[in-house]
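[1] Structure of the sequence below:
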Amino acid sequence: DDDDKADMRAAEIFEERMRYFDDVKKANHGVLPFEMELEQAKFQSAETVRRKKRARDIAKALEDDPVNLAVPPTIDLEQNVEEEELFDTDFVQPRAPKRFCMQDAELQSMMVAVEARRDNSRNKKKKKDRQKGAEAISNAVKSGKSLSKKQKMINNGAKQASSLLDSDIFAQQAQPDAPEQPFFSSRNRKKAMKELLAGVPLEDEKQAKDDIASLTKAAKKFSRNAVRPDAERGNLWSVKGMKTSLKGYQLIGSGWMRDRENGDEEPRGGILADQMGLGKTLMALANIHDGRPPKNSPGPKTTLVVASPALLTQWKSEIEKHSSAKLTIMRYGAGTRDNFNASLELLQGHDIVLTTYTEVMRSHPKYKPPSDCKDKEEEEAWWMETWEQKRGALHRVRFLRIVLDEAQAIKNYQSLTSVACRALQADHKWALSGTPILNSLTEMYSYFKFLGVPFIDNFENFDEEYCDPDNPEKIMVRLSQFMMRRTHSDKMMGAPILKLPQAHQATYWCEFNPVERRIYKIVEKRFIERMSAAMEGGASEKSYGNTLVLYLRLRQLTAHILMLQFVIQDLLEQEDIESIKRVLQQHTANSNTQSSSTIIAVREQLQKIADDKKKADEKKKKKKHTRSEANKEAEDQDQDIMTDEGEEGPKSTHHLGAGGEFGRYYNFGPFLSSLQKGESWERAKEKTKCSTCGNKPRQPMIQSCGHFICAEPCYSEACVESAEQGQENRACNSCGKIPSYVHAFEVEADPEDGPASGTRSNNNKKKKKKKGKGRKRPYHEVIPNDWLASLNDQVLPSAKTIAVKSQIMNWIKENPNVKIIVYTQFLAMVQILRRVCKNEGWKSVQYHGKMSFTARDNAIRSFAEQGDIRIMLASMHCGGLGLNLTMASKVIFIDPWWNSAREQQAFCRVFRIGQQAETFMTRFCVQKTIDSKIVKIQERKEEEIGCVMEEGGKPV
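    Numbers count the residues shown, from 1 in each chain. Now for the predicted structure:
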């Protein structure tokens, strides 16, 4: 067949080329010129790879059809291709670094923690200006006059690097009038390629020929006859073992992965950094299917997939959905790791093992040398013994390949997550992430070390060698060797690689009511006073001693006052309460009618924003205005709609109502009474002492009565005592009351499922140890029952909750079957929004880190399958990464994030392959608050990156 002919032809070309080198060598008295030596070595290496791949293809084909398959004479299945004497034994060729034997690999795995400790202990040199580094990347591309092979590699690396720093799916998405990918009807690969080329416009034909060559090359990287044209779908490619066919760019991506695994060049894996929503999981699955070794081949057969707990269920369903070949799958975790020997057998006996980053950390022993280690030798001896005795099954098995999903979890090279993942052993390692870099190119160090990129010694050398802003070519070229990055703006065959229904975005600026504004100003003022006093006194007062806490509290306050009961009670003085009381009296006089009018007004403004967006898209589609006019129009639309004086409103708004009872009344009276009964700051400070031991609480827990208690040992002992007495909680030693609840107070780490889970520094002694199921940051605090329950089933409205209600009402009116996701940074806000939905009669589900994994899976299933459940209330930290939520088409962000990439990553849970409807993202911000500063920071970052990455008015 064609493959046999191609194999014979390749063998003939190789032999012919070797004879040529022999002739040159004889003519030069047995010596080849240096350049020809390198060329010969290149041919020999390529032939070795080709023959090894051919042997694997034959072996796999024999499994499928052992009778009818004729083995070509050029392949000896019993022969070790690596030992075949293809080469001139007198010529010592430069080869790739030797693959580690198992013993060497285990030693390297053990040394990861040692190297990480050395990285941490070194004095880090002064960080270079990151923007300067980005500017140097741009300058390097601009200065390139020659399109030599090296320059093309630099340009390719620069393009990928710039797209990592500047990723805007709204600007990069395919426009509605963009052409579709060409189609084919033939089942023959060559004919299908010709049909594709024939369907390309003449002006795009030159680039299309390169795309055809890339497709052809990618198809050949798979096993024999593994890739065929999917004539039924017209422009997709079927891969053996897969139910789902691949798009052209996906075939190129999977072919690139196969090429890296089949080649000899290190690393034999890489980074698949395609923008969110392009189908990285599907490409990884195609690579897994084609990369399955023959049944009788020695060596590892298992692929380890590491992801957050929330994504493991999705991975399993994706494997089952897209795979036609039967794969054995297991989830490794509690229940499977208890029996150590059984765990090893289970891991090695499955095709795919799914596990979490937490399980990988659990498997890796903690590097904490005892104090009696006198020198480096004793420390390493201790670690060698500890490693051998305490490492878990995940670090004892050598896998065929490892796939890290949402691999940005390892970007902090000092984190336990990064160290544990880098210590895993595999023939091939892959990092999948749409946002591998969030802040600096130095974050690539962890990826380099995980992949095993040769000649990367330590962080200091990496920073100096590859992150020099005056010499960025090295990291550009190096990245282009083992990283693939495509965005929604990329084209193939003269058309966008992916065309989805249009995505729109808008920012709506809310306005505080007088009570909210007064409380915000008072809290901001009192916070600053406390911080100033603490700085003058040389000490920091509990919870109020740093600027980050101030920013956090102000962000919470813009969302809802109810989240700050403790803070408001502690901060406000009597004069502040009287001031709020006066404002409340003035506001209450006309709040009933005013609040209803506010809801209607907000609905009208949101409707106008949506209408204006549609008009702008129509204008853009018809191309009736220039690019500069379009940019100006987009800027105008992003301004607060309340400042657009004299413009026409929506054509008809009289039918817009105020909806249910929520937001019609603003009854702050009960909360004001609570403040008037509040305590002074000095008394509040007294309450921060442990109610049991009287000392400053260690890992403080706060009781419902407001008194603190140490988590260890005081609270643990209290739990034992109360259990012995048959009580739920022991009475507080300070006031004698039995607390109705006790919860952690402002300790600093994400729950197990958070993106930063396990990212604590190895050597950060100031951080507290993790206890129980996980420590909570302030945005995971629970609202005390007395404030939340003070209005019975009602809930106090806020500027943002009124805006959320208004937006949801508009979307439901437009489409009664619409599905909406509301993202927030704070779990307390999820509680408030749940009540809002209940009051309005909207069925909703929740998705956040305090829910069990089963509950989260059930929430997604209910949201997808039950038509009457329209709303999902999700935390950004848990629901904004990796999930496939294409059943929804509308997204609301209540809390702006410092980095807009994080918001876009969450939005891409909806805007991705499989989305059938137009999508819309609305952000709510409050004017003249911390929100304004955050948005300005976002805009400044985007503007700086945009300026740096421009070349002659066109993006690099």
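
[2] rest of the way, CA atoms for contacts and neighbours
    Noted.

[3] so where's the stretch 801-950 of the chain shaky on pLDDT?
    In the predicted model, the stretch 801-950 of the chain carries pLDDT under 70 at residues 943-950.

[4] That one: helices as residue ranges?
    Applying DSSP state H, counting those that start in this stretch to the stretch 801-950 of the chain gives helices spanning 827-840, 853-865, 876-879, 900-907, 930-948.

[5] where does the nearest residue in space to Leu327 that is not next to it in sequence fall, phi/psi-wise?
    Nearest residue to Leu327, sequence neighbours excluded (Cα to Cα, 6 or more residues apart in numbering): Asp351, at 5.9 Å. Dihedral angles of Asp351 (phi, psi; degrees, to the nearest 10) stand at phi -70, psi -40.

[6] Spatially nearest residue to Val742 (excluding sequence neighbours)?
    Counting by Cα to Cα, 6+ apart, Val742 lies nearest to Gln703, which is 4.4 Å off, once chain neighbours are set aside.

[7] what pLDDT does that neighbour get?
    If you check Gln703, the pLDDT there is 77.

[8] That one reaches Pro739, doesn't it?
    Yes. Here Gln703 reaches Pro739: they are 5.8 Å apart, a contact under Cα atoms under 8 Å.

[9] Of those two, give the one with the bigger neighbour count.
    Gln703 (22 against 17; other Cα atoms under 10 Å).

[10] which residues touch Ala310?
    By Cα atoms under 8 Å, 6 or more residues apart in numbering, Ala310 lies in contact with 753, 853, 856-857, 878, 883.

[11] in the stretch 751-900 of the chain, which spans are strands?
    Here the stretch 751-900 of the chain has its strands, by DSSP state E, counting those that start in this stretch, at 820-824, 843-847, 869-875, 890-893.

[12] what's the third one in contact with?
    So that's strand 869-875. 817-827, 830, 833-834, 842-849, 862-863, 880.

[13] To Thr547, which of the helices of the stretch 801-950 of the chain lies closest?
    helix 930-948 (12.3 Å; Cα to Cα).

[14] Break this structure down into its domains, please.
    2-83, 105-496, 516-587+667-788 (automatic domain parsing).

[15] now these in TSV, with distance to Gln916?
    Converted to TSV, the domains of the chain look like this (distance: least, Cα to Cα, whole Å):
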stretch	distance to Gln916
domain 2-83	38
domain 105-496	13
domain 516-587+667-788	29
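
[16] Tell me which of those sits most buried.
    domain 105-496 (a mean of 19; mean count of other Cα atoms under 10 Å).

[17] ends of that one, how far apart?
    43 Å (Cα to Cα, to the nearest Å).

[18] now swap in stretch 168-186 and tell me
    Span of stretch 168-186 from end to end, Cα to Cα: 37 Å.

[19] Can you pull out the residues in contact with stretch 554-564?
    With Cα under 8 Å, 6+ apart as the criterion, stretch 554-564 contacts 516, 520, 524, 553, 783, 787-788, 796-801, 826, 828-829, 894-895, 925-926, 929-931.

[20] Tell me the secondary structure at the residue nearest to Glu266 when sequence neighbours are not counted.
    Distances taken as Cα to Cα, 6+ apart place Val453 nearest to Glu266, at 6.3 Å, with adjacent residues excluded. Following DSSP: H, G, I helix; E, B strand; the rest coil, the label given to Val453 is coil.

[21] Surely Val453 is in contact with Arg268?
    No. With contact defined as Cα under 8 Å, Val453 does not count as touching Arg268 (9.0 Å).

[22] What distance do you get for Pro501 to Glu385?
    57 Å.

[23] An error on my part: the question was meant for Leu196.
    Distance from Leu196 to Glu385, by Cα to Cα: 61 Å.

[24] On the pLDDT front, check Glu39 for me.
    79.

[25] what secondary structure does it sit in?
    helix.

[26] going forward, begin numbering at 15 instead of 1
    All set: I'll call the first residue 15, so the last point we hit is now Glu53.

[27] Could you check how far it is from Gly44?
    The spacing between Glu53 and Gly44, counted by Cα to Cα, is 16 Å.

[28] thinking again about what came up before, quick one: which of the contacts of Ala324 is nearest Gly255?
    Leu897 (24.1 Å).

[29] count of neighbours near the closest residue to that closest one other than its chain neighbours?
    Among residues not flanking Leu897 along the chain, Arg923 sits closest, at 5.6 Å (Cα to Cα, 6+ apart). Neighbourhood size, Arg923 [other Cα under 10 Å]: 25.

[30] Quick check: Arg923 touching Thr900?
    Yes. Arg923 lies in contact with Thr900 (Cα under 8 Å); the separation is 6.8 Å.

[31] Find residues that contact each of those two.
    Contacts common to Arg923 and Thr900, judged by Cα under 8 Å, 6+ apart, are absent.

[32] ok so, going back, got a list of what the residue nearest to Leu341 touches?
    315-317, 341-343.

[33] Looking at those residues, point me to the pair that's furthest apart.
    The widest separation within the contacts of Asp365 (Cα to Cα) is 12.3 Å, between Lys315 and Ile343.

[34] Which elements pack onto the helix or strand where Arg65 lies?
    Assigned by DSSP states H and E, Arg65 belongs to helix 48-78. Secondary-structure packing of helix 48-78 (3 or more Cα pairs under 8 Å, 6 or more residues apart in numbering; DSSP states H and E): helix 16-41.

[35] The helix it packs on - contacts with which helices or strands?
    helix 48-78.

[36] so the helix it packs on versus helix 16-41, what angle?
    150 degrees (axes from the mean of the first three to the mean of the last three Cα atoms, to 10 degrees).

[37] joint contacts of Lys315 and Ile343?
    The contact lists of Lys315 and Ile343 share 364-365, where a contact means Cα under 8 Å, 6+ apart.

[38] right, and Pro196 touches Lys208 too?
    No. Here Pro196 lies out of contact with Lys208, judged by Cα under 8 Å, at a distance of 10.8 Å.

[39] quick one on the thing from earlier: put together TSV for the contacts of Asp365, with distance to Glu487 on each row.
    Below are the contacts of Asp365 laid out as TSV (distance: Cα to Cα, whole Å):
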residue	distance to Glu487
Lys315	37
Thr316	37
Thr317	34
Leu341	42
Thr342	44
Ile343	42
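
[40] Let me know which of the domains of the chain is the nearest to Lys950.
    Taking the domains of the chain one by one with Cα to Cα, domain 530-601+681-802 is closest: 14.7 Å.

[41] And the contacts of stretch 503-518?
    184, 186-190, 192-196, 210-211, 214-215, 218-219, 221-222, 225, 262-263, 292, 502, 627, 925-927, 929-935.
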